[in-house]
Each structure stands twice: as structure tokens, then as C-alpha cells.
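A.B. asks: Dropping a prediction and its sequence here:
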Amino acid sequence: MKLKIDYSVYLVTDTGFLQGRDFAACIEAALKGGVTLLQYRDKNADSRVLLERALLLKKMCAVYHVPLLINDRLDIALAVQADGVHVGQSDLPVTVVRRLLGEQAVIGASAHNPEEARQALADGADYLGCGAVFGTTTKNDAGYLGLDGLQCIRQAVTAPLVGIGGVNSTNFEQVLQTGANGAAIVSGILAADDIEAEVRKFKTIADRYKNI
């Protein structure tokens, strides 16, 4: 049976925002705070480091009962038995990813407009990551989507989707108001002085929308 995913407070890792702090300690603080889904993304590490950190995250996520996805790297996802992967428009096609990982894997795909969203879902994606909703410093190639663009994609598809790009605890509610299922958050969590407390802010807002 495929996992039932809570996309509301979705942390995407980026070691660049940790300001020299311990990677594992920061991620555990986020998990303690209530992150509902974790994606391990690290574009700069070599394969050995990726594997070691992914194994560590797999163990940590199991303790907190949080699904683990791997960005792009199917080999790492398979090696650590992650719950799935997230791929961008320039990564392996969703059809190939689905064939290699099987029907039970959770597969996310980036989409920047309704056409890309529909195609990704037709190819077998389970959810969509849509952005950039606000300005972002994590991806130089991320086109600006905006809240209106996110809402446009929401109106075009019924599958789960999250907004990504510049989301923080002060604008998170605006993302949810578009009808998105949550937000994929990077610096909005990892750059915080108190990561656990910051995640709790997101969780409080998300839980309020779940009860509407």
C-alpha cells in the first residue's frame, strides 16, 4: 500500500543555510518541530557523502515517522530504500522513474505551469512542486511563478501540490490560501536560529487550515 503523505510542512535540505551548524542536529530539530515530509537535496556533495547522509536521514525519519524523499538521485533512493524521489524538468522523466522505482514509490515532479503539471501527473507523478512562489536563493534557474501562478495550477489539477521558493513562516499562509496542500521550505526553516521553534510556527498554521 502506498504511503499516505502529509505535504503541509515539507522540508527540503540545503546545507548552505546551516551556517556551520551540525547537519544531523539541524535536521533532527526540524523533525522534532513537526516537519511532515523530508526531501534530501544536496547538489554539491559527492556520491559517498550523499549515501552516508541519506542513510542517516532514513534512520532519523523512521524514528519520527516522516517519509524521506531523495532529490533526483534514483541510485541513492534505491540504496537507502527511501520512500521516493523528486525530479525536476531537466532530470530523468517521471515515466522512467516510475518504471524503475515501482508503483509504491512516492514520486514528485516540478511544474511551472498547468501544462507541465498535467504532463507530470499523466506520466505518473504523485504530487507537484510548483514555484518559485516568492523570490528564491536556492535555485538560480527557478522561474518566478507567484501566488497567482500557483493558484492557476491548483485550478488545473486535483493532485497534491506544494508551493516552493522563498516560503517562510510569515508568507506560508498565503501559499495555503491558494489551495496548495503545503509548502516545500528550505531557508525558511534551515536559516532560523531556532529551527525547532520555527517549524512549530509552520505546523500551527498548517493545522489550522486542515481544520477549516
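C.D. replies: Yes, it's here.

A.B. asks: center of this structure - which residue?
C.D. replies: Most central in the chain under Cα atoms, centre = their mean is residue 184, positioned 4.3 Å from the mean C-alpha point.

A.B. asks: Phi, psi for it please.
C.D. replies: The phi/psi pair for residue 184 (degrees, to the nearest 10) reads phi -90, psi 120.

A.B. asks: again with residue 17
C.D. replies: Per degrees, to the nearest 10, the backbone of residue 17 is at phi -100, psi 0.

A.B. asks: Tell me how far it lies from residue 105.
C.D. replies: Using Cβ to Cβ, to the nearest Å, residue 17 is found at 28 Å from residue 105. Every residue, glycine included, has its C-beta placed from N, CA and C.

A.B. asks: For these two, work out which one has more neighbours and name it.
C.D. replies: Between residue 17 and residue 105, counting by other Cβ atoms under 10 Å, residue 105 is the more crowded of the two (21 against 18).

A.B. asks: Nearest spatial neighbour of that one, chain-adjacent residues omitted?
C.D. replies: Leaving out its chain neighbours, the residue that sits closest to residue 105 by Cβ to Cβ, 6 or more residues apart in numbering is residue 84, at 4.5 Å.

A.B. asks: Ramachandran angles for that neighbour?
C.D. replies: Main-chain dihedrals, residue 84, degrees, to the nearest 10: phi 170, psi -160.

A.B. asks: In this structure, where is pLDDT below threshold?
C.D. replies: 136-142, 211-212 (pLDDT under 70).

A.B. asks: Tell me if I am right that residue 130 is in a helix.
C.D. replies: No - using DSSP: H, G, I helix; E, B strand; the rest coil, the assignment for residue 130 is strand, not a helix.

A.B. asks: Now do it: how many residues are near it, please.
C.D. replies: For residue 130, the number of neighbouring residues by other Cβ under 10 Å comes to 31.

A.B. asks: so what's the residue nearest to the centre of the chain closest to, chain neighbours aside?
C.D. replies: Closest to residue 184 by Cβ to Cβ, 6+ apart is residue 164, at 4.0 Å.

A.B. asks: and that neighbour, how many residues sit next to it?
C.D. replies: 31.

A.B. asks: same deal with the one 4 residues further on?
C.D. replies: One way to gauge burial is a neighbour count; for residue 168, by other Cβ under 10 Å, it gives 18.

A.B. asks: same check, this time on residue 6
C.D. replies: By the measure other Cβ under 10 Å, the count of residues near residue 6 is 17.

A.B. asks: Which residue, neighbours along the chain excluded, lies closest to it?
C.D. replies: Here the nearest residue to residue 6 in space, its sequence neighbours aside, is residue 36; by Cβ to Cβ, 6+ apart that works out to 4.0 Å.

A.B. asks: Help me confirm that the one you found comes into contact with residue 65.
C.D. replies: No - if you go by Cβ atoms under 8 Å, residue 36 and residue 65 don't touch, sitting 9.8 Å apart.
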